[in-house]
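> coordinates for the following, if possible.
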Amino acid sequence: MTAIRQPDLRFLLAHPAHFLALGFGSGLSPKAPGTAGSAAALPFYLLLTLVLSPLSIALLSIPLFIVGIWLCGKAGTALGVSDHGAIVWDEIVAMLPLLAMVPQGWKGWLAAFVLFRLFDVSKPWPISWVDARVKGGLGVMLDDALAALPAAGLLWLGRGWLV
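Predicted coordinates:
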């Protein structure tokens, strides 16, 4: 790894992988970039709904996860930190299937956002175990994908209340 670098607009625009890994710029937020990245998932999701169904968007998250391993690895290497806080592609990709599975509207999307952030920030086991041991682009992507699983379970259980 190189020396730790603080990302800025120049870094964001230096390479398409940086632009995506930093969540279209949301990762440059000076406070809570992970939360900003999770929030950036909603306009991205809404843009995708113009051409894809919610199920198709959820399925699209699989190749976006795979590409994200490379994107986040490249950005992490350039920043000198494997899981730099500005790298938020992992939050965006993890949010997409959650946004797709809830009733379409502000209540469902808010519930998806809150539950995902709860599990992403608190990192209960086994998420914390993976976060501590799996490094590089795979580690960046994997802990957020795992955080989406209990959020998805709770959203599925509470689906009747979100209508």
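
> what comes up buried for stretch 140-157?
Under the neighbour-count criterion of 16 or more other C-beta atoms under 10 Å, stretch 140-157 has Val140, Met141, Leu142, Asp143, Asp144, Ala145, Leu146, Ala147, Ala148, Ala151, Ala152, Leu155 buried. Heads up, the C-betas are built off the backbone N, CA and C, glycines and all.

> and the gap between the second one and Pro30?
Read it as Met141. Using C-beta to C-beta, to the nearest Å, one gets 24 Å for the distance from Met141 to Pro30.

> looking at the protein, which helix or strand is least sure?
Ranked by mean pLDDT, DSSP states H and E, the weakest helix or strand in the chain is helix 127-133, scoring a mean of 93.

> isn't Thr35 right up against Phe116?
No: checked against C-beta atoms under 8 Å, the pair Thr35 and Phe116 is beyond contact range at 10.1 Å.

> between these two, point out the one with more neighbours.
A direct count of neighbours by other C-beta atoms under 10 Å for Thr35 and Phe116 places Phe116 higher, at 24 against 17.

> separation between Ala112 and Ala100?
Using C-beta to C-beta, Ala112 is found at 9 Å from Ala100.

> out of those two, which sits in the busier spot?
Between Ala112 and Ala100, counting by other C-beta under 10 Å, Ala112 is the more crowded of the two (28 against 23).

> got the contact list for the more buried one?
Met95, Leu98, Leu99, Met101, Val102, Ala151, Leu155 (C-beta atoms under 8 Å, 6 or more residues apart in numbering).

> what bits of this structure have low per-residue confidence?
Scanning the chain for pLDDT under 70 picks out the ranges 1-2, 162-163.

> ok, the residue nearest the centre of the chain - contacts?
The centroid of the chain falls nearest to Glu91 when counting by C-alpha atoms, centre = their mean (1.2 Å). For Glu91, the contact set (C-beta under 8 Å, 6+ apart) comprises Gly23, Gly34, Gly37, Ser38, Ala40, Ala41, Phe116, Asp120, Asp144.

> spatially nearest residue to it, not counting backbone neighbours?
Once flanking residues are discounted, Glu91 sits nearest to Gly37: 3.9 Å by C-beta to C-beta, 6 or more residues apart in numbering.

> returning to what we had before: from the contacts of Ala112, list the buried ones, please.
Neighbour-count burial (16+ other C-beta under 10 Å) applied to the contacts of Ala112 gives Met95, Leu98, Leu99, Met101, Val102, Ala151, Leu155.

> and the residues you listed, which of them are in helices?
In this view, the buried ones among the contacts of Ala112 that belong to helices under DSSP state H are Met95, Leu98, Leu99, Met101, Ala151, Leu155.
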